[in-house]
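S.K.: Build me a model:
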Amino acid sequence: MKRPFFEDIKTGKEFKRWYWLKEELVAICKQCNLPFSGGKFDLQDRIAYALDNDGQLLKRPKIKKTSNFNWANEILTPNTIITDNITFGPNFRNFMKTEIGKKFNCHGDFMDWVKENPGKTLQDAINQWQILEDRKKDPNFKREIADHNMYAQYTRDFLKNNPGKTIRDAKKYWLLKKQLPTESGFIRYEKKDLKLLKSEKEK
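M.R.: Numbers count the residues shown, from 1 in each chain. Below is the predicted model:
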């Protein structure tokens with residue numbers, strides 16, 4: 001079974017059974033006159049809702065920010081208080097590189113911590129970044145993979161369950177697996193995926 005053309009999909013449930021690249025979701029939103037900003041899951045939910053509701057827009061409650069601090073232009077210091085409207089643009093990143101050095105990387109775990117800790121200072125953020133970095137010294141440490149990064153999670157699970165195989169092997173099975181429908185909308189590695197390559201060769 002191959003993924004149908006979007007025009008042939010009639011329900012949100014059917015739409016969510018298939019894997020879509022973000023650029024495909026953006027194109028579909030434009031085609032349906034829907035807003036195309038936001039994360040991959042936001043776009044997916046927006047399209048699915050429109051399919052089930054005659055093209056109507058899925059409305060999400062807006063989270064009101066209480067701070068007007070300008071993170072793009074203000075002079076930042078270690079004593080600067082983290083606010084609920086924090087952004088991670090050049091001003092923030094340059095400050096962190098000045099304090100930590102060129103090794104600073106504004107990765108997802110760090111940004112999540114900062115966003116979840118308004119009221120603390122940038123010095124607290126600097127300390128937390130170092131704590132997060134120190135985890136890498138543990139040979140068993142593996143960073144949690146975000147739900148939307150299904151390819152990275154698939155690759156990790158594939159290599160863990162198939163010693164001796166390579167990332168290139170994982171990609172071959174991923175490319176076959178993502179063409180198949182799922183009940184949950186998520187693509188996860190399963191042992192039976194090893195039969196996919198054989199099935200493809202038999203066609």
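S.K.: so who does Ile126 touch?
M.R.: Residues in contact with Ile126 (C-beta atoms under 8 Å, 6 or more residues apart in numbering) are 78, 96, 99-100. For the C-beta atoms, the positions are set from N, CA and C on the backbone; glycine is no exception.
S.K.: Let's verify it: helix, strand, or coil?
M.R.: Three-state call for Ile126 (DSSP: H, G, I helix; E, B strand; the rest coil): helix.
S.K.: C-alpha coordinates for stretch 81-99, CSV please?
M.R.: The C-alpha trace of stretch 81-99 is given here as CSV (Å, rounded to 0.1, in the frame of the first residue of the first chain):
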residue,chain,number,x,y,z
ILE,A,81,16.3,37.5,35.0
ILE,A,82,14.9,34.9,32.7
THR,A,83,11.4,36.0,31.6
ASP,A,84,8.5,34.1,30.0
ASN,A,85,9.0,35.7,26.6
ILE,A,86,12.7,34.6,26.3
THR,A,87,14.0,34.1,22.8
PHE,A,88,17.2,32.4,21.7
GLY,A,89,18.4,34.7,19.0
PRO,A,90,21.9,36.1,18.3
ASN,A,91,21.9,38.4,21.3
PHE,A,92,21.3,35.5,23.7
ARG,A,93,23.6,33.1,22.0
ASN,A,94,26.4,35.7,21.8
PHE,A,95,26.1,36.4,25.5
MET,A,96,26.3,32.7,26.3
LYS,A,97,29.3,32.2,24.0
THR,A,98,31.0,35.1,25.8
GLU,A,99,30.4,33.5,29.2
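S.K.: Now the residue most central in space within the chain. Nearest residue, chain neighbours left out?
M.R.: Here the mean C-alpha position of the chain is nearest to the C-alpha of His148 (C-alpha atoms, centre = their mean), at a distance of 3.9 Å. Leaving aside its chain neighbours, His148 sits nearest to Lys40 (4.9 Å; criterion: C-beta to C-beta, 6 or more residues apart in numbering).
S.K.: can you pull the contacts of that neighbour?
M.R.: 22, 25, 148.
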